[in-house]
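Participant: Below are the sequence and a predicted model; questions follow.
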Amino acid sequence: MNPLEIFKDKAVLITGGTGSFGQMFARKLLTEAECRKVIIFSRDEWKQWQMRQSSPIFDHPNIRYLLGDVRDPTRLARAFHEVNFIVHAAALKQVPAAEYNPSECVKTNVFGAMNVIDQAINCGVEKVIALSTDKSVNPVNLYGATKLCSDRLFIAGNVYVGARGYPTMSAVRYGNVFGSRGSVISSWQQMIESKATSLPITDPRMTRFWITLEQAADFVIAAFNRMRGGEVFVPKIPSMRIEDLATAFAPNLPHSYVGIRAGEKLHELMIGIDDARHTLEYEDHFIIIPETIYHHPLSLERFIAGREGKPLPDNFSYASDTNQQWITIEELRAFL
């Protein structure tokens, strides 16, 4: 079955819909699915105007733009009226900004998640997927900690739906995104345009998981088809060395090492050892199963029926430095 069939005649709302992911996801829905309506929910009227002007597809008859903030439950209640599916992509994501403005990050990333969950339940939404991040695993910065809270809220939200049985709520966790706004590539591009004589690199040993915007959107679409409520879906994606990316991006520029910034990890983690105990492995992804289900054999049997995966070995972790998949400099150069 075409995975986009699930969206036929559905109204889909994307919080933070003017962001890089939101625009890619909306484009796919408008060009490849037969949605009844695609709703862009965000708080910045300028970005909504920019999005609408950027492509004819974003002025499609089936797209709607709603101003609002996930901090405002009353506005969410209005926005979620007669909505079938929600992708919750709204967040404050800049690590240094979150460290300097912690209360604002908590209000958006934690209280905002609570509001989305509450209003999705109240409005009878069918499915909700929240976007997570590798930084939510063993977090060392406030942004990661708030996203860990968000993940747990969406997992637990399934308990409160009652006998009706919906919405089902799950999370999708992936790594750095090629081409996303504010990524290291866009930062380096600005430096090159300003005639920089070197590219700054935090540490030559640093590694990151990497995924394209389209791959991220496709994985979320797949998750809508797979979800039963409470899972964290993790794609199998390659790792790369930041130094290799810099070499591929600007082969003639030397590198300057500036040191790891506050709240930054040398390597990222998408599945920790403790979560691996209740995680199943599939050909191209992992599913972290809620512990409340995993430790009850009959519930687990029903939960994974028809999609049995492989348990992970003891002490397994899915980390960017021990990953089995890697992007080489040549592959990076071809992609760029």
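Facilitator: Cool, the structure landed.
Participant: Contacts for stretch 247-261 next, please.
Facilitator: Residues outside stretch 247-261 that contact it (Cβ atoms under 8 Å, 6 or more residues apart in numbering) are 95-96, 185, 188, 192, 196-204, 206, 243, 246, 266, 329-330, 332-333, 336. No exception for glycine: its C-beta is placed from N, CA and C like everyone else's.
Participant: Narrow the residues you listed to just the buried residues.
Facilitator: Buried members of these, counted by 16 or more other Cβ atoms under 10 Å: 95, 185, 188, 199, 201-202, 206, 243, 246, 329, 332.
Participant: can you list those residues in CSV and add pLDDT, secondary structure and distance to Arg173?
Facilitator: CSV is the format used below for the buried ones among the contacts of stretch 247-261 (pLDDT from 0 to 100; DSSP: H, G, I helix; E, B strand; the rest coil; distance: Cβ to Cβ, whole Å):
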residue, pLDDT, secondary structure, distance to Arg173
Val95, 91, helix, 17
Ile185, 82, helix, 21
Trp188, 87, helix, 26
Leu199, 88, strand, 29
Ile201, 90, strand, 25
Thr202, 90, coil, 23
Met206, 94, coil, 20
Glu243, 92, helix, 25
Ala246, 90, helix, 26
Ile329, 90, helix, 27
Leu332, 87, helix, 23
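Participant: Farthest pair within these?
Facilitator: Comparing all pairs in these by Cβ to Cβ, the longest separation belongs to Val95 and Ile329, at 26.4 Å.
Participant: Stretch 161-176 - what's its average pLDDT?
Facilitator: For stretch 161-176, mean pLDDT is 92.
Participant: for that stretch, which positions count as buried?
Facilitator: Per 16+ other Cβ under 10 Å, stretch 161-176 contains these buried residues: 161, 166-176.
Participant: Show me which positions of the longest helix along the chain end up buried.
Facilitator: In the chain, with assignment by DSSP state H, the single longest helix is helix 142-157. Within helix 142-157, the residues scored as buried using 16+ other Cβ under 10 Å are 142-155, 157.
Participant: can you check stretch 239-256 too?
Facilitator: Neighbour-count burial for stretch 239-256, counted by 16+ other Cβ under 10 Å, picks out 239-250, 253.
Participant: Stretch 284-299 too?
Facilitator: Neighbour-count burial for stretch 284-299 [16+ other Cβ under 10 Å]: 285-290, 293-294.
Participant: Ok, stretch 260-278 next?
Facilitator: Buried residues in stretch 260-278 (16+ other Cβ under 10 Å): 263-265, 267-272, 275-278.
Participant: In strands only, show me these.
Facilitator: 269-271 (DSSP state E).
Participant: Now do Val116 against Ala223, distance only.
Facilitator: 16 Å (Cβ to Cβ, to the nearest Å).
Participant: what does Tyr282 give?
Facilitator: For Tyr282, the distance to Ala223 - Cβ to Cβ - is 12 Å.
Participant: one step back: can you tell me which of the buried residues of helix 142-157 lies closest to Val38?
Facilitator: Using Cβ to Cβ, those come closest to Val38 at Phe154, 21.5 Å.
Participant: what are the ranges of the helices in this structure?
Facilitator: 20-32, 45-54, 73-79, 95-100, 102-106, 112-122, 142-157, 184-193, 213-226, 242-249, 273-276, 291-294, 297-304, 329-335.
Participant: and the first one with helix 213-226, angle?
Facilitator: Pointing back at helix 20-32 there. On the basis of axes from the mean of the first three to the mean of the last three Cα atoms, to 10 degrees, helix 20-32 is oriented at 70 degrees to helix 213-226.
Participant: Pull the distance from helix 20-32 to the chain's centre.
Facilitator: Computed by Cα atoms, centre = their mean, to the nearest Å, the chain-centroid distance of helix 20-32 equals 14 Å.
Participant: And for the last one?
Facilitator: The gap between the average C-alpha position of helix 329-335 and the chain average comes to 24 Å, counting by Cα atoms, centre = their mean.
Participant: do the same with the third one
Facilitator: The gap between the average C-alpha position of helix 73-79 and the chain average comes to 22 Å, counting by Cα atoms, centre = their mean.
Participant: That one packs against which elements?
Facilitator: helix 112-122 (3 or more Cβ pairs under 8 Å, 6 or more residues apart in numbering; DSSP states H and E).
Participant: any idea of the mean pLDDT for the helix it packs on?
Facilitator: On average, helix 112-122 scores 98.
Participant: tell me the angle of that helix relative to helix 142-157?
Facilitator: Using the same axes, to 10 degrees: helix 112-122 against helix 142-157 is 20 degrees.
Participant: Could you list every helix and strand in contact with helix 112-122?
Facilitator: Applying 3+ Cβ pairs under 8 Å, 6+ apart, one finds that helix 112-122 contacts helix 73-79, strand 85-88, strand 127-131, helix 142-157.
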